[in-house]
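In: got a structure for you, letters missing:
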């Protein structure tokens with residue numbers, strides 16, 4: 001991953017039927033995650049709604065940045081959608097959630113304010129056009145209890161893409177066999193994540 005290095009890779013598989021009632025799973029895509037970073041957030045950096053909360057002094061607020069990018073697909077294939085999820089264990093909730101993209105053809109919608117799961121949904125700005133792989137930088141201000149333990153949870157993804165062969169275009173979906181688990185120290189930024197590379 002340019003500029004950040006790759007912390008982990010999540011393989012995504014398409015399920016295809018074979019003879020009988022069996023099926024096989026083919027790896028068709030991957031999501032590469034960069035190194036996560038954390039930083040404390042001061043009261044003056046919080047949205048006004050958070051600053052007015054009566055429990056403000058009983059909560060710890062911090063910013064989490066996590067870059068990711070989709071792998072280049074094979075010839076004849078093009079992304080038409082993607083979903084990246086980050087779910088947290090314990091008492092963690094989103095305060096603000098955003099995502100910037102390096103690709104103008106991609107629209108990113110974010111979800112997770114007030115929840116323990118963040119979602120980043122990528123889609124083409126023009127219907128039917130699809131989009132190429134691009135780098136994304138997710139940013140979220142999160143809240144936890146004071147003196148929190150290391151942040152733990154999972155990252156997961158699924159994508160949809162078109163496949164054109166012999167003049168016929170079909171839509172396929174690929175998903176991970178299982179999410180990647182992570183642990184992130186909010187004090188020194190040290191982390192451990194499945195699939196580290």
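Out: Ah, there it is. Quick caveat: nothing in here was measured; it's all calculated off a predicted structure.
In: for residue 51, phi and psi?
Out: phi -70, psi -30 (degrees, to the nearest 10).
In: distance of the closest residue to it other than its chain neighbours relative to residue 98?
Out: Nearest residue to residue 51 in three dimensions, chain neighbours excluded: residue 43, at 5.9 Å (Cβ to Cβ, 6 or more residues apart in numbering). In this view, the C-beta of every residue, glycine as well, is placed from N, C-alpha and C. Using Cβ to Cβ, to the nearest Å, we find residue 43 at a distance of 20 Å from residue 98.
In: do residue 115 as well
Out: Residue 115 is 15 Å from residue 98, by Cβ to Cβ.
In: so what's the residue count around the nearest residue to residue 149 once chain neighbours are set aside?
Out: Residue nearest to residue 149 in three dimensions, not counting chain neighbours: residue 90, with 7.5 Å by Cβ to Cβ, 6+ apart. Neighbour count for residue 90, taken as other Cβ atoms under 10 Å: 12.
In: for the one 4 residues further on, same thing?
Out: Residue neighbour count, defined by other Cβ under 10 Å, stands at 22 for residue 94.
In: before we move on, what about residue 43?
Out: Applying other Cβ under 10 Å, we find 10 residues neighbouring residue 43.
In: for the nearest residue to residue 130 once chain neighbours are set aside, give me its contacts.
Out: Leaving out its chain neighbours, the residue that sits closest to residue 130 by Cβ to Cβ, 6+ apart is residue 78, at 3.6 Å. Taking Cβ atoms under 8 Å, 6 or more residues apart in numbering as the criterion, residue 78 is in contact with 130-132, 161-162.
In: confirm residue 78 sits in a strand?
Out: Yes. Assignment of residue 78 by DSSP: H, G, I helix; E, B strand; the rest coil places it within a strand.
In: any idea how far residue 165 lies from residue 7?
Out: When residue 165 is compared with residue 7 (using Cβ to Cβ), they lie 34 Å apart.
In: between these two, point out the one with more neighbours.
Out: Neighbour tally, residue 165 and residue 7, criterion other Cβ under 10 Å: the higher count belongs to residue 7, 22 against 10.
In: just give me the residue closest to the centre of the protein.
Out: In the chain, the centroid-proximal residue (Cα atoms, centre = their mean) is residue 84; its distance is 3.4 Å.
In: do I have it right that it meets residue 137?
Out: No. With contact defined as Cβ atoms under 8 Å, residue 84 does not count as touching residue 137 (11.9 Å).
In: what's the weakest-modelled helix or strand in this protein?
Out: helix 48-51 (a mean of 76; mean pLDDT, DSSP states H and E).
In: next structured bit after it?
Out: Remark: after helix 48-51, the chain's next helix or strand is strand 59-70, criterion DSSP states H and E.
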